[in-house]
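Novice: give me the fold of what follows.
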Amino acid sequence: MLPDRFKGFFGEPSGNQPPRRSGAQEEKEIKVERLSRGLEQFFFNIRGVQGLSILDLGGAVQENIEFITNLGHRITTQAFVQTLDQSFGKDSVSHADPAQIQTFLEQQLSFPDESFDGVLLWDTLQYMSPALLAATVDQLYRITRRGCYMLGFFNADDKCVSSPNMKFRIAQGNTLHLTQQGFRKQAHPFNNRNLERLFTRFDSVKFFLTREHLREVIIRR
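Specialist: Prediction:
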């Protein structure tokens, strides 16, 4: 269980109002190490194989690049959330303009069909409005190969209006170093049912619910 100072790391703030934080708190980074069954499952599913192509939507994080390449795989990184802010405005949850959606997807996911054997989504999808989210999932389906595994993280607190702004660093095959710096608005809540609908074209969706209001999801193409 996380120490008291990390309570609410994934589940708060909740209710109708965003969190109240001082300027100093806004800038302060919170770091924690945690076991991840989703991460463990992701690497278990690609064990014994080398030369796979992995897409990481969390940006160029050195620890992740080294871990993936040391396993004998290729990694492509995309700063998904950073580009989302540049395209639609920081903390915007209205991503409905078709032209903007098209431009964003061309910047981030304009890869040939069936390019990737694995995708580290991290928590990027939970900040997208329905129109952008659906278009993004369609592109992920297009650029992944059959048998590809994707790993995503979603806040499991249905009352939450903001989620921690996270950076995920792989420490081991089942352990993550998490860094939180502030919060981001969530476009809408996610539960098992709507996640299954979101990934209905994929072969399977598997959930791991943690004590910290964090839903880890493995999606198989």
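Novice: so for stretch 44-57, what gets flagged as buried?
Specialist: 45-46, 52-57 (16 or more other CB atoms under 10 Å). Heads up, the C-betas are built off the backbone N, CA and C, glycines and all.
Novice: any chance of the residues you listed in CSV, plus secondary structure, pLDDT and distance to Leu178?
Specialist: Output for the buried residues of stretch 44-57, formatted as CSV (DSSP: H, G, I helix; E, B strand; the rest coil; pLDDT from 0 to 100; distance: CB to CB, whole Å):
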residue, secondary structure, pLDDT, distance to Leu178
Asn45, helix, 94, 22
Ile46, coil, 92, 22
Leu52, coil, 98, 25
Ser53, strand, 98, 25
Ile54, strand, 98, 20
Leu55, strand, 98, 20
Asp56, strand, 98, 15
Leu57, coil, 97, 16
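Novice: now the helices for this structure?
Specialist: 23-27, 37-45, 62-70, 80-88, 98-108, 130-143, 192-198 (DSSP state H).
Novice: rewinding a little: in a markdown table: the buried residues of stretch 44-57, plus distance to Glu114.
Specialist: Formatted as a markdown table, these follow (distance: CB to CB, whole Å):
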| residue | distance to Glu114 |
| --- | --- |
| Asn45 | 17 |
| Ile46 | 16 |
| Leu52 | 13 |
| Ser53 | 10 |
| Ile54 | 14 |
| Leu55 | 12 |
| Asp56 | 18 |
| Leu57 | 18 |
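Novice: quick one: closest of the helices of the chain to Thr179.
Specialist: helix 62-70 (10.9 Å; CB to CB).
Novice: what helices or strands is the closest one leaning on?
Specialist: strand 53-56, strand 74-77, strand 162-172 (3 or more CB pairs under 8 Å, 6 or more residues apart in numbering; DSSP states H and E).
Novice: any idea which of those strands gets closest to Leu35?
Specialist: It's strand 162-172; of those, that one is closest to Leu35 (CB to CB) at 9.1 Å.
Novice: flag every buried residue along that closest one.
Specialist: Buried-residue list, strand 162-172, by 16+ other CB under 10 Å: 162-171.
Novice: in JSON lines: those, plus pLDDT.
Specialist: Below are the buried residues of strand 162-172 laid out as JSON lines (pLDDT from 0 to 100):
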{"residue": "Ser162", "pLDDT": "80"}
{"residue": "Ser163", "pLDDT": "80"}
{"residue": "Pro164", "pLDDT": "82"}
{"residue": "Asn165", "pLDDT": "81"}
{"residue": "Met166", "pLDDT": "86"}
{"residue": "Lys167", "pLDDT": "92"}
{"residue": "Phe168", "pLDDT": "95"}
{"residue": "Arg169", "pLDDT": "96"}
{"residue": "Ile170", "pLDDT": "97"}
{"residue": "Ala171", "pLDDT": "96"}
